[in-house]
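In: no sequence on this one, just coordinates:
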């Protein structure tokens, strides 16, 4: 019983700590978040950056290059680059098209590739978009 009470006390203390997470947000247009859809482009918690999905209408070199430039601008707001990215998730409606432009994706990372997941889906929020990429990056402590 004493062990159970100690576990409950520790769990309760941990839950209270989570309520005090400090979030720094960035969104384009000098805002901290979008209130129409309800998201921020980047949320920083401690030394971790969570970058929302960035979309393109085409899985071609121009589309993929634009996505990584936009992600780069989001990261730069916090002093980071694509070399700080540790996890990438790619959602696409055109996996073959994405595979065809993978050399531009790899070039964006300059040989320092993150853990990555690529998923083919039937549709993105923007009906004419074919690709969306989100990343997680770590800043030095």
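Out: That came through, no problem. Quick caveat: nothing in here was measured; it's all calculated off a predicted structure.
In: would you list every one of the strands in the protein?
Out: Under the criterion DSSP state E, the chain contains strands at 23-26, 42-45, 48-56, 85-92, 115-120, 131-138.
In: which stretch in those has the least confidence?
Out: Set side by side, the strands of the chain show their lowest mean pLDDT on strand 23-26, which sits at a mean of 92.
In: Give the lowest-confidence helix or strand of this structure, using mean pLDDT as the measure.
Out: Averaged element by element with mean pLDDT, DSSP states H and E, the chain has its least confident helix or strand at helix 2-18 (a mean of 46).
In: quick revisit: out of the strands of the chain, nearest to residue 35?
Out: For residue 35, the closest of the strands of the chain is strand 23-26, at 11.8 Å, according to Cβ to Cβ. In short, each C-beta sits where N, CA and C put it, glycine included.
In: Show me what the closest one is packed up against.
Out: Using 3 or more Cβ pairs under 8 Å, 6 or more residues apart in numbering; DSSP states H and E as the contact criterion, the secondary-structure elements in contact with strand 23-26 are strand 42-45.
In: where's the strand it packs on relative to the chain centroid, distance-wise?
Out: 9 Å (Cα atoms, centre = their mean, to the nearest Å).
In: Give me the contact list for that strand.
Out: Judged by Cβ atoms under 8 Å, 6 or more residues apart in numbering, the contacts made with strand 42-45 from elsewhere in the structure are 21-27, 49-52, 74-75, 77-78, 139.
In: What of stretch 90-106?
Out: Counting by Cβ under 8 Å, 6+ apart, the neighbours of stretch 90-106 from elsewhere in the structure are 53, 58-61, 63-65, 68, 113, 116-124, 129-133.
In: now with 7 Å?
Out: By Cβ atoms under 7 Å, 6 or more residues apart in numbering, the surrounding residues in contact with stretch 90-106 are 53, 59-61, 64-65, 116, 118-124, 130-133.
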